[in-house]
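In: Predicted coordinates and the sequence they were generated for:
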Amino acid sequence: MSVVNMISVISTLIFLMSGMFIAIFWGPKTVLGLSYIFVIIGMSVVYGILYIPILLSENWNLSKWGSVAMNATYFLLINVSVVVVGFHLDWFDAGNLRMLVGFEVCIILVYVLASVIRWISDFNTASKMNDKLRQIRGVEKKSI
């Protein structure tokens, strides 16, 4: 379920960021084809699936630096692939430094926001589990 949630979060964030990018650099009256939507959904699914090792790494007892290295590798993989796909699909003009920086900022924002949303979700899940454990322990103490 975590992968499906991450795909949803990533898709939503990509649509929001690409919408802002397009409005700023291409103009608000830009018309896109349906293929653009399918490419974004496809990329979101691929990046969601590539997120599985990050989710599994929580069970691998990685050191702090191991976890940082895994997240940095994931980010680098995503960053390079989005730039390559974006370049081939003419999402940005490589000769326009401002546009390239804007594209990179969008990629970074999607990654950071997705990470924050996942952290908040994990925190809320842990809080609910702790509350449930306290509730169960409270019931057990009363029965003794």
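Out: Great, that's in hand.
In: mind listing what the most centrally placed residue in the chain touches?
Out: Centrality entry for the chain: nearest residue to the mean C-alpha point is Ala114, 3.7 Å, by CA atoms, centre = their mean. Applying CB atoms under 8 Å, 6 or more residues apart in numbering, one finds that Ala114 lies in contact with 6, 9-10, 13. C-beta here means a position set from N, CA and C on the backbone, and glycine is covered the same way.
In: Name the helix or strand of the protein that has the lowest mean pLDDT.
Out: One helix or strand of the chain scores below all others by mean pLDDT, DSSP states H and E: helix 52-57, with a mean of 73.
In: list the helices and strands whichever helix or strand comes after it packs on?
Out: The C-terminal neighbour of helix 52-57 among helices and strands, as given by DSSP states H and E, is helix 64-88. Other helices and strands packing on helix 64-88, by 3 or more CB pairs under 8 Å, 6 or more residues apart in numbering; DSSP states H and E, are helix 34-50, helix 52-57, helix 97-143.
In: count of neighbours near His88?
Out: 8 (other CB atoms under 10 Å).
In: could you list every residue that touches it?
Out: The neighbourhood of His88, defined by CB under 8 Å, 6+ apart, contains no residues.
In: and the gap between it and Val110?
Out: Note on His88: its distance to Val110, by CB to CB, to the nearest Å, is 19 Å.
In: Val45 too?
Out: Applying CB to CB to Val45 and Val110 gives a distance of 15 Å.
In: Compare neighbour counts for these two and give me the winner.
Out: Higher neighbour count among Val45 and Val110: Val110, with 23 against 15, using other CB under 10 Å.
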